[in-house]
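**Q** Need coordinates for the below:
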Amino acid sequence: MSRDYKAMSREKDTLDFVPTFAFWRNACHTFAKNVCKVTTLAKNEDSISSVLAFMRSLPWSASLLSTPEWRSGVCSRCLEKALESVPEGEKEDFKNTVLDYFLFYFPERDRFGQLMLVDAFVGFVTGIAEAQQELEKEEKHEAEIVP
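**A** A predicted model of the protein is given here:
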């Protein structure tokens with residue numbers, strides 16, 4: 001790593017001062033939080049492949065919500081399971097936040113915005129998965145070397 005980069009990275013990132021980047025940071029945070037909340041509440045297998053299956057079946061437009069294909073897909077089924085598992089006193093809040101996000105907010109977003117959110121999330125998730133696999137390989141290799 002170059003010396004210039006080290007010095008620069010210790011300073012406040014100039015992107016933090018640009019309001020549109022704050023928007024994307026918040027948008028990615030909200031998207032990730034809602035995806036994880038639904039997949040956890042739906043008691044899906046806690047794996048990257050189940051999260052990606054959920055994301056592949058997102059409603060990309062409001063017109064998809066009424067189709068039999070979407071209603072039988074992973075996203076729709078996870079939303080139903082998640083709603084069923086939410087405690088009664090928290091259902092209204094869940095409906096007004098998480099369900100509204102996936103059933104009203106996300107499908108109405110510009111296609112470019114949708115793709116950016118999904119791309120950012122998938123990039124991070126797959127990066128984490130690959131890093132975990134590499135660490136597991138290193139640990140296995142070290143365990144084989146040590147008698």
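
**Q** Number of residues surrounding Gln133?
**A** Neighbour count of Gln133, defined by other C-beta atoms under 10 Å: 10. Using the backbone N, CA and C atoms, a C-beta is placed for each residue, glycine as well.

**Q** pLDDT score for it?
**A** At Gln133, the predicted lDDT confidence score is 81.

**Q** What is the burial count for Lys33?
**A** 13.

**Q** repeat for Arg56
**A** Neighbour tally, Arg56, other C-beta under 10 Å: 12.

**Q** which residue sits closest to it, ignoring its sequence neighbours?
**A** Val74 (7.2 Å; C-beta to C-beta, 6 or more residues apart in numbering).

**Q** could you say which helix or strand contains the closest residue in space to Leu99 that isn't next to it in sequence?
**A** Of all residues not flanking Leu99 in the chain, Leu79 sits nearest, at 6.4 Å (C-beta to C-beta, 6+ apart). For Leu79, the host element (DSSP states H and E) is helix 74-85.

**Q** try Gln114
**A** Assigned by DSSP H and E, Gln114 belongs to helix 111-145.

**Q** How far does that helix sit from its chain's centre?
**A** Computed by C-alpha atoms, centre = their mean, to the nearest Å, the chain-centroid distance of helix 111-145 equals 13 Å.

**Q** Go through the helix or strand harbouring Phe21 and flag the buried ones.
**A** Using DSSP H and E, Phe21 sits in helix 19-41. Neighbour counts over helix 19-41 (16 or more other C-beta atoms under 10 Å) mark Cys28, Thr30, Phe31, Ala32, Asn34, Val35, Lys37, Val38, Thr39, Leu41 as buried.

**Q** Pull up the gap between the residue nearest to Thr30 when sequence neighbours are not counted and Gln133, please.
**A** Excluding the flanking residues, the one nearest Thr30 by C-beta to C-beta, 6+ apart is Tyr101, at 7.1 Å. Distance of Tyr101 to Gln133, computed by C-beta to C-beta, to the nearest Å: 31 Å.

**Q** ok, back up a step: is it true that the residue nearest to Arg56 touches Phe54?
**A** Yes - the pair Val74 / Phe54 is scored as a contact, 5.3 Å apart, by C-beta atoms under 8 Å.

**Q** Give me the more crowded residue out of these two.
**A** A direct count of neighbours by other C-beta under 10 Å for Val74 and Phe54 places Phe54 higher, at 23 against 20.

**Q** This completes my enquiry, with thanks.
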